[in-house]
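Asks: Output the structure for:
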Amino acid sequence: MAAVALRCWRRGLSQIWSNGGLAALSSKRPQADRRHKSTVQFDYTGHGASEGVLAEGSIGTWKKDVLFVLDELVEGPQIMVGSSVGGWLMLLAAIARPEKTAALVGISTAADHIVMSFNSLSLEVRKEFEEKGEWTVPNKHSEDGVLKFSMNFLREAENHCVLQSPIPITCPVRLIHGLKDEDVPWHISMQVAERVLSPDVDVILRRHGQHRMSEKDDIKLMVYTIDDLIDKLTTLV
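Replies: I've put the predicted structure just below:
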């Protein structure tokens with residue numbers, strides 16, 4: 001886990017999106033007309049720079065990682081920025097710690113996506129994977145070209161799905177998604193926007209954006225979006 005200053009945002013954000021991670025940014029009011037902007041960037045257990053084995057993780061375990069950061073490593077309400085599964089985790093953390101959540105920025109948010117994708121398979125195909133005890137999914141971003149999910153992972157993930165009912169989040173929410181995303185369909189961000197209870201929700205669809213949203217203009221959009229939220233939140237104090 002590492003803390004980085006605003007001048008490192010472009011580099012840090014690019015790393016977060018590439019790893020499907022999550023960051024927490026302070027939204028405190030500045031002193032003497034100088035606004036302090038800092039971020040705690042982290043990878044959940046078994047992912048990126050963190051210790052542990054990815055295959056042994058779960059949505060519940062990773063949610064605990066995020067809550068640990070909110071409870072132990074940062075002070076006051078945070079703007080949480082999450083990419084892919086990190087976007088799912090930021091929603092879960094915001095539900096669990098509303099007092100620690102100032103705003104959310106989701107990039108290619110993958111809320112419930114793993115569970116919905118598996119359940120969309122035919123009954124016959126699901127039974128085949130259940131007998132094997134593992135679901136194998138082609139993925140161009142992984143080293144061996146596939147992602148593997150155990151049946152235990154999928155069953156545990158079902159306990160953390162958020163799209164079946166209204167999502168009790170009332171802070172500002174910004175969702176950025178690429179229309180060319182081949183890993184997580186953009187309509188998931190639309191579903192999140194429809195279900196959160198917040199009156200302040202914007203969805204930004206990038207016509208040529210892909211899942212990692214790592215192009216220069218994508219990163220600029222993220223920084224501008226976060227900056228705008230900080231301005232909004234500090235003027236409300």
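
Asks: quick one: contacts for the residue nearest in space to the middle of the chain?
Replies: In the chain, the centroid-proximal residue (CA atoms, centre = their mean) is Gly87; its distance is 1.7 Å. For Gly87, the contacting residues are Leu22, Gly106, Ile107, Ser108, Thr109, Ala110, Ala111, Leu175, by CB atoms under 8 Å, 6 or more residues apart in numbering. (Glycine included, C-beta is placed from N, CA and C.)

Asks: Work out for me the element it sits within.
Replies: helix 85-96 (DSSP states H and E).

Asks: Show me what the next helix or strand after that helix is packed against.
Replies: For helix 85-96, the succeeding helix or strand toward the C-terminus, using DSSP H and E, is strand 101-107. Packing partners of strand 101-107 (3 or more CB pairs under 8 Å, 6 or more residues apart in numbering; DSSP states H and E): strand 78-83, helix 85-96, strand 173-178, helix 216-236.

Asks: quick one, which of these is packed in tightest?
Replies: strand 78-83 (a mean of 28; mean count of other CB atoms under 10 Å).

Asks: What residues sit buried inside stretch 148-155?
Replies: Neighbour-count burial for stretch 148-155 flags Phe149, Met151, Phe153, Leu154 (criterion: 16 or more other CB atoms under 10 Å).

Asks: With pLDDT and distance to Ile188 added, can I get the residues you listed in JSON lines?
Replies: Below are the buried residues of stretch 148-155 laid out as JSON lines (pLDDT from 0 to 100; distance: CB to CB, whole Å):
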{"residue": "Phe149", "pLDDT": "91", "distance to Ile188": "17"}
{"residue": "Met151", "pLDDT": "95", "distance to Ile188": "23"}
{"residue": "Phe153", "pLDDT": "94", "distance to Ile188": "19"}
{"residue": "Leu154", "pLDDT": "96", "distance to Ile188": "17"}
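
Asks: Which of those residues sits closest to Ile59?
Replies: Compare each of the buried residues of stretch 148-155 with Ile59 using CB to CB and the shortest gap goes to Phe153, at 8.0 Å.

Asks: surely the closest one meets Ser58?
Replies: Yes. Under the criterion of CB atoms under 8 Å, Phe153 makes contact with Ser58 at 5.8 Å.

Asks: coming back round to it: quick one, the helix holding Gly87 and strand 173-178 angle?
Replies: Computed with axes from the mean of the first three to the mean of the last three CA atoms, to 10 degrees, the direction of helix 85-96 lies at 170 degrees from that of strand 173-178.

Asks: May I have helix 85-96 as CSV, with CA atoms only?
Replies: Coordinates of each C-alpha in helix 85-96 appear next as CSV, following Å, rounded to 0.1, in the frame of the first residue of the first chain:
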residue,chain,number,x,y,z
VAL,A,85,-13.8,-5.4,-9.4
GLY,A,86,-12.5,-2.5,-7.4
GLY,A,87,-15.6,-0.6,-8.4
TRP,A,88,-17.7,-3.4,-6.9
LEU,A,89,-15.7,-3.3,-3.7
MET,A,90,-16.1,0.5,-3.4
LEU,A,91,-19.8,0.1,-3.5
LEU,A,92,-19.7,-2.6,-0.8
ALA,A,93,-17.4,-0.4,1.3
ALA,A,94,-19.7,2.6,0.9
ILE,A,95,-22.6,0.6,2.1
ALA,A,96,-20.7,-0.6,5.1
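
Asks: Quick check: mean pLDDT of it?
Replies: Mean pLDDT, helix 85-96: 96.

Asks: now stretch 107-114
Replies: Mean predicted lDDT for stretch 107-114 stands at 96.

Asks: cool, stretch 166-185 as well?
Replies: 96.
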